[in-house]
Structure formats: C-alpha cells, structure tokens
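Participant: sequence plus the predicted model coming up.
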Amino acid sequence: GEVVSAQGYEYDNLYVHFFVELPTTHWSSPAFQQLSGVTQTCATKSLGMDKVAHFSYPFTFEAFFLHEDESSDALPEWPVLYCKVLSLDFWQRYRVEGYGAVMLPATPETMTWPWH
C-alpha cells in the first residue's frame, strides 16, 4: 500500500499513524511482521483552497488466511486498516486532526479513502 497525501486539514506539519488489525481467528502473519507505521512529518502546500501534504509513503505487510471448514455458515472476518492524521506544532505538541478505519479489500486494487 501507500499513504499518498492528506488534504483539507486545518494545521500544517502533518503525519499519519496507521496499523492493520488482523482478526483473532483464521488469520496469521509472520512473527517479525510489522503491522503499523508512521509517515514522515510533512509541510503542506496550497492546492486551490486546500492545503495538501504529500507523503508518498509505501508500506507492505503479509497476512495469511487459514483456510478451514468451508461448510461453516459464518462469513470470515477481514483485516481492518486504522489511520490517524496528526499535526505537530512549533512547541512539538501534537494534535489529532482526523481518523478513520476501513476493511481491507479481498482482492488487490487501487482505492482512495477519504478520512476526516
């Protein structure tokens, strides 16, 4: 995946903290796998009426669905990506600007998720 940019937030010096939560049943990841990350702090640039921070922060992770009983009527749970946009001020204080969560798609695709 990639954290591309953040747009429309009030303050400057933005960064994104994100993590993937795997369901406790039927999913696993390698022991060394890091399921979270933090982008660099980025100053915003004006784009029309909005201020935009361009991160271009790539990330990868591996997760495995443990295929079990297909006769079960229950649908499998799916991993969730949580994101939080924060800003850092002159005195090194941070504030939460926005946050959101989205279930990861079952097939590879390019998606844009607007979070506020």
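Facilitator: Now that the structure is in, tell me what you want to look at. Numbering: from 1, shown residues only.
Participant: continuing past the strand or helix carrying L81, what's the next helix or strand?
Facilitator: L81 is located in strand 80-88, with elements delineated by DSSP states H and E. Using DSSP H and E, the helix or strand that follows strand 80-88 in sequence is strand 94-103.
Participant: other SSEs contacting that following strand?
Facilitator: strand 80-88 (3 or more CB pairs under 8 Å, 6 or more residues apart in numbering; DSSP states H and E). Placement of C-beta: from N, CA and C, glycine included.
Participant: name the residues of the strand it packs on that are buried.
Facilitator: Of all the residues in strand 80-88, those buried under the rule 16 or more other CB atoms under 10 Å are L81, C83, K84, V85, L86, S87.
Participant: distance from the chain centre to the lowest-mean-pLDDT helix or strand in the chain, please.
Facilitator: The weakest-scoring helix or strand in the chain, judged by mean pLDDT, DSSP states H and E, is strand 64-65 (a mean of 88). Taking the mean of its C-alpha atoms, strand 64-65 sits 19 Å from the chain's own mean (CA atoms, centre = their mean, to the nearest Å).
Participant: hmm, who's touching that strand?
Facilitator: By CB atoms under 8 Å, 6 or more residues apart in numbering, the residues outside strand 64-65 that reach it are H26, W27, S28, S29, P76.
Participant: ends of stretch 26-39, what's the gap?
Facilitator: Distance across stretch 26-39, first residue to last, is 30 Å (CA to CA, to the nearest Å).
Participant: give the pairing partners of the least confident helix or strand of the chain; include direction for each.
Facilitator: strand 27-28 (antiparallel) (DSSP bridges).
Participant: state the next helix or strand along the chain beyond the partner strand.
Facilitator: Past strand 27-28, the next helix or strand by DSSP H and E is strand 36-38.
Participant: and whatever helix or strand comes next after that following strand, what does it pack against?
Facilitator: Once strand 36-38 ends, the next helix or strand along the chain (criterion: DSSP H and E) is strand 45-47. When contacts are defined as 3+ CB pairs under 8 Å, 6+ apart, strand 45-47 sits against strand 50-58.
Participant: one more time with 6 Å, if that's ok
Facilitator: On a contact count with 3 or more CB pairs under 6 Å, 6 or more residues apart in numbering; DSSP states H and E, strand 45-47 meets no helix or strand.
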